[in-house]
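*Asks:* My questions are about this predicted structure, shown below with the sequence.
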Amino acid sequence: MLPSPSSLPHAIPLEGASNLRDLGGWPALDGRRVRHGVVFRSATLAQLTPRDAEIVAGLGLRTICDLRGEREAAQHPSRLPAGAERVSVAIEPTVGASLRDLMRREQSTGEDVVDLLRRAYLDYAMRFLGAYRRMFELLLQPERHALLLHCSAGKDRTGLGAALILTALGASRATVLEDYTATDRLWRRDYALPDATPKPLAEALYATHPALLEAALDAAIESHGSLPLLLEQGLGLDAPRLAALRDLLLE
């Protein structure tokens, strides 16, 4: 029996990493569901323990789609399971300097952080859309399955990537948001912030923001005129490639 949406996503607990889950099981086009064991998402894999490495190796991963910026990835290199290739699909973080400015200002609030993240999400969806197009190119190669996408927290850049995958597979916006907000309970918030970070700023940085994800998706759709045109022109999924993707990723 297939799992109900209320039991999703299927998380894989680890010691040195968190927010690792299978996209499998989510309802998509025409009542079909995403295949299990084909596409995974997570936070950074830099701190996997030997036991974690065995668990991750058991997933049969062949491709690690690393969405982190080049400096992030160099500072915290992934610990890859045997048989997996890391492919850099870099989306450079865009909030660093502005965030440091906020932290120096005593009057900064969580809303200031949300405004900053809003700009970052729009940047990911517009300026870095080509990175997600590259992600779909990898997904269209069955020899690269299973594939895992991740950034540092597995929340923002990875969240948008997973949202685009589910959207392309015909999932409802409600399903997309349910997968996105699962990070709030699956991620251990083990991405270190400076010790002096005010609590309201930290909470805003650590939380998911469904409205920001929706705004980013809507902006990408609007910039291309429609969802079909976003898929075709923005993400390289013309009708034959979209059909192939759905055949590969849907039960």
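*Replies:* Yes, it's here.
*Asks:* what residues does stretch 227-242 touch?
*Replies:* 129, 132-133, 136-137, 140, 164, 167-168, 220-221, 223-224, 245 (CB atoms under 8 Å, 6 or more residues apart in numbering). Placement of C-beta: from N, CA and C, glycine included.
*Asks:* Kindly report the same for stretch 159-167.
*Replies:* Contacts of stretch 159-167 (CB under 8 Å, 6+ apart): 23, 26, 28, 34, 39, 41, 65, 67, 121, 124-125, 132, 135-136, 139, 149, 173, 175-176, 179-180, 183, 208, 213, 216-217, 227, 235, 249.
*Asks:* Please check the contacts of stretch 227-242 and keep the buried ones.
*Replies:* When the contacts of stretch 227-242 are checked for burial by 16 or more other CB atoms under 10 Å, the buried set is 129, 132-133, 136-137, 140, 164, 167-168, 220-221, 224, 245.
*Asks:* Strands - which of those land there?
*Replies:* Judged by DSSP state E, the buried ones among the contacts of stretch 227-242 include no members of strands.
*Asks:* Serialize these to CSV and add fields for pLDDT and distance to residue 231.
*Replies:* CSV is the format used below for the buried ones among the contacts of stretch 227-242 (pLDDT from 0 to 100; distance: CB to CB, whole Å):
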residue, pLDDT, distance to residue 231
129, 97, 11
132, 98, 11
133, 98, 10
136, 98, 9
137, 98, 13
140, 98, 13
164, 98, 9
167, 98, 8
168, 98, 6
220, 98, 10
221, 98, 9
224, 98, 9
245, 98, 9
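*Asks:* Need the residues you listed in CSV (columns: distance to residue 190).
*Replies:* Converted to CSV, these look like this (distance: CB to CB, whole Å):
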residue, distance to residue 190
129, 29
132, 25
133, 30
136, 29
137, 31
140, 33
164, 25
167, 28
168, 30
220, 30
221, 33
224, 36
245, 32
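*Asks:* Identify those among these that sit within helices.
*Replies:* If you go by DSSP state H, the buried ones among the contacts of stretch 227-242 have 129, 132, 133, 136, 137, 164, 167, 168, 220, 221, 224, 245 in helices.
*Asks:* which of those residues sit farthest apart?
*Replies:* Pairwise distances across these peak at 20.4 Å for 137 and 221 (criterion: CB to CB).
*Asks:* Not counting its neighbours along the chain, what's nearest residue 88?
*Replies:* residue 66 (5.3 Å; CB to CB, 6 or more residues apart in numbering).
*Asks:* ok, the one you found to residue 171 distance?
*Replies:* According to CB to CB, to the nearest Å, residue 66 stands 24 Å off from residue 171.
*Asks:* max-length helix in the chain?
*Replies:* helix 110-126.
*Asks:* Show me which residues of it are buried.
*Replies:* 110, 112, 113, 116, 117, 120, 121, 122, 123, 124, 125.
*Asks:* if we can go back for a sec, closest one of the buried ones among the contacts of stretch 227-242 to residue 85?
*Replies:* Nearest to residue 85 among these, with distances taken as CB to CB, is residue 137, at 14.2 Å.
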